[in-house]
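[1] Provide a 3D model corresponding to the input given below.
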Amino acid sequence: MIGRALRPGPPPPYDELVVLEQTLLHVIGRLWAAAHEAERRGPGTPGREPRRARLEAIRYQTAVGLGDGLMSAQLQVRALARECQWLLDQCPAEAGR
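    Okay, here's the model as predicted:
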């Protein structure tokens, strides 16, 4: 799914981008909750502030929506895919669920 969202080239049809967005948002929601909980439990860990800032940025990115144009939709799906990959890197145990 992430690979499909980040595939170079022309954008896929808008309806495919809608499906990708919804799938990514679902996965991001689950991973975000796990990453946020891990950050809450580890108050003194190195690099905590950049991770917290990234989590907040992801929260706002998920509220943006696709927009009306094909290019804006493709850019949003790609941004969500990058955020999803970052969350997977932060919470590898959640990836298998």
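
[2] helices of the chain, start to end?
    2-6, 14-41, 48-61, 70-90, 92-95 (DSSP state H).

[3] poorly predicted segments of this protein, please.
    42-45, 92-97 (pLDDT under 70).

[4] go again with 90.
    Residues of the chain that meet the criterion pLDDT under 90 lie in 1-5, 9, 11, 32-53, 55, 64, 67-68, 89-97.

[5] got the helices of the chain as CSV, with mean neighbour count columns?
    Where you see a C-beta, it was placed from the backbone N, CA and C, and this is true even at glycine. Putting these into CSV (neighbours: other CB atoms under 10 Å) gives the following:
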stretch, mean neighbour count
helix 2-6, 15
helix 14-41, 16
helix 48-61, 13
helix 70-90, 19
helix 92-95, 12
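
[6] which residues does residue 77 contact?
    5, 17, 20-21, 24, 66 (CB atoms under 8 Å, 6 or more residues apart in numbering).

[7] now, which of those sits nearest residue 88?
    Among the contacts of residue 77, residue 24 lies closest to residue 88 (CB to CB), at 11.3 Å.

[8] setting aside sequence neighbours, what's the nearest residue to that closest one?
    The shortest distance from residue 24 to any non-neighbouring residue, by CB to CB, 6 or more residues apart in numbering, is to residue 80 (4.2 Å).
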